[in-house]
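J.: give me the fold of what follows.
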Amino acid sequence: MQATTTPGRSRRAERIMTVINRDPRTAPHRTRTDALLAAAIAALATALGLLGGDGPRPDALGWTLLLAAHVPLVWRRSRPMPVLLAVVACIVPYHALDNDHAAPVAGTMVALYTIAGTGTARRTLLTGVCVLGVTLIVNALTNPDGVLEVLRISGWVIAVLFCGMSARYYRQYVAAIVERAERAERTRDEEARRRVAEERLRIARDLHDLLAHTITLVGVQTSVAAHVLAADPDRLDRTAVAKALDDIAETCRSARGELRTTLEVLRENGAPDARGPLPGLHGLSDLAEAARLAGASVDLSVGAGEVPPAVGAAAYRIVQEALTNAVRHGGRADLAVGVRVYEEQGALRVTVTDDGAGVGAEAPGFGLVGMRERARSVGGTLEAGPRNDEGEGFEVRAVLPTEAGR
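T.: Below you'll find the predicted structure:
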């Protein structure tokens, strides 16, 4: 039974807090609610007037003024100041005629509370001063010796105004907390979406670099094996064929291992970092050797020490894509490629040149775009284009800052 009643109590308490914290000017059915409230207060005022506990029972004009003072309360939240003026306009002559003074108190206090609960502190202060001034004047005309009565009325007016201001400040405080929580939630969602987008882009770049490089090498090595098989079937060089097939198998094994590492981030959602170690400058020699197996003459020069992992990974991928493009688009059997990596002026500089047929700087595909994104991911720049005006050869130059990543 306890398990079934607790959720109901929780929802009821939540609804109560929602009503308390809601801005009275935006509450649903506020006019209907205020009409019922005005009717209830008018009934209470009628009962007090009939009892006559604080002055004589009202006459016909007094009853008219008393009941008319409660009619404007129906629109107290939408027009609080006109409602207060209308109530005061009825209550002042009511008191001046020395009718029962307790009967209209509840309606007057509701109007004052609405002013304090919906307006600014300045408006509330001015309203309190004006109401107290009118009260003192009316009391001086009707009961000159009632000093205690003046103090009692003034205390009630100040207390009601203070309660209204406190309720308004509390609602504003709660609204500010809710707004900060919603803003923080939006910020977390935006950050999560940004991280997902960055991770997807990283995976796309890794897969492109890996697959393009691997497929290019496998294609070249397969062509070598096919050439050996078709060149002279009667004098088949089994050693050359076996070497070409071993190179293909080794390339596939390397690609499979790197592909597995890249896809771990998709399989292990709860892992803090499932990407494995990033490739770096230590892997450049393997890239050069793979390009040599594809038939290119690669001159590798690495003159850099320890660099940040992100910078080393960017340099590795740039060299990998540049070598892939050189082998794919070189267009000559004796292709020569120069790879130079060195540190200078707080940056890692990468240069890859070849003497092949060349390819336009804006060639179709994602290779050059991926290299530029790699460079930008670590705050660097990349330029790529033909080595000379005749369009011969191709050169890739990247500058990757290292100081910011340390």
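J.: in contact with the closest residue to E403 other than its chain neighbours, which residues are there?
T.: Computed as Cβ to Cβ, 6 or more residues apart in numbering, the closest residue to E403 that is not its neighbour in sequence is G346, at 4.5 Å. Bear in mind the C-beta positions are built from the backbone N, C-alpha and C, glycine included. Listed by Cβ atoms under 8 Å, 6 or more residues apart in numbering, the contact set of G346 reads 401-403.
J.: where is pLDDT lowest across the residues you listed?
T.: Lowest pLDDT among the contacts of G346: E403, with 73.
J.: confirm that one sits in a strand?
T.: No: according to DSSP: H, G, I helix; E, B strand; the rest coil, E403 belongs to no strand; its state is coil.
J.: how many neighbours does it have?
T.: Here the number of neighbours of E403 (other Cβ atoms under 10 Å) works out to 11.
J.: start at 13, not 1
T.: All right, first residue 13 from here; so that's E415.
J.: that one and L360, how far apart?
T.: From E415 across to L360, the span is 10 Å (Cβ to Cβ, to the nearest Å).
J.: identify the bridge partners of G350.
T.: For G350, the beta-bridge partners under DSSP bridges are D311, T365.
J.: for it, give me the pLDDT.
T.: So, for G350, pLDDT stands at 91.
J.: next: A359.
T.: In this model, A359 is scored at 89, pLDDT.
J.: now V31
T.: In this model, V31 is scored at 61, pLDDT.
J.: can you pull out the helices in this structure?
T.: 14-33, 42-63, 72-82, 92-108, 117-130, 133-154, 159-243, 250-279, 296-305, 321-341, 379-389 (DSSP state H).
J.: the last one versus helix 159-243: what angle between them?
T.: Following axes from the mean of the first three to the mean of the last three Cα atoms, to 10 degrees, one obtains 140 degrees for the angle between helix 379-389 and helix 159-243.
J.: now do the shortest one
T.: Per the same axes, to 10 degrees, the angle that helix 296-305 makes with helix 159-243 is 40 degrees.
J.: mean confidence score for helix 296-305?
T.: Across helix 296-305, pLDDT averages out at 84.
J.: buried residues, that helix. List them.
T.: 296, 299-300, 302-303, 305 (16 or more other Cβ atoms under 10 Å).
J.: got a list of contacts for that helix?
T.: Contacts with helix 296-305, where a contact means Cβ under 8 Å, 6+ apart, come from 225, 229, 233, 259, 263, 266, 310, 312, 314, 327-328, 331-332, 335, 338-339, 349, 351, 353.
J.: give me the below-cutoff pLDDT ranges for the stretch 63-212 of the chain.
T.: For the stretch 63-212 of the chain, residues meeting the criterion pLDDT under 70 lie at 65-66, 154-162, 211.
J.: CA atoms only for stretch 312-331 - export them in CSV, please.
T.: Extracted in CSV, the C-alpha atoms of stretch 312-331 (Å, rounded to 0.1, in the frame of the first residue of the first chain):
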residue,chain,number,x,y,z
LEU,A,312,61.8,9.4,-46.1
SER,A,313,63.4,11.9,-43.8
VAL,A,314,62.1,12.4,-40.3
GLY,A,315,63.9,15.0,-38.2
ALA,A,316,61.4,15.5,-35.3
GLY,A,317,61.4,14.3,-31.7
GLU,A,318,58.4,13.8,-29.5
VAL,A,319,55.3,15.6,-30.6
PRO,A,320,51.7,15.7,-29.1
PRO,A,321,49.8,12.5,-30.1
ALA,A,322,47.1,14.5,-32.0
VAL,A,323,49.8,16.2,-34.1
GLY,A,324,51.6,12.9,-34.7
ALA,A,325,48.4,11.3,-35.8
ALA,A,326,47.5,14.2,-38.1
ALA,A,327,51.0,14.0,-39.7
TYR,A,328,50.7,10.2,-40.1
ARG,A,329,47.3,10.5,-41.9
ILE,A,330,48.5,13.3,-44.1
VAL,A,331,51.6,11.4,-45.3
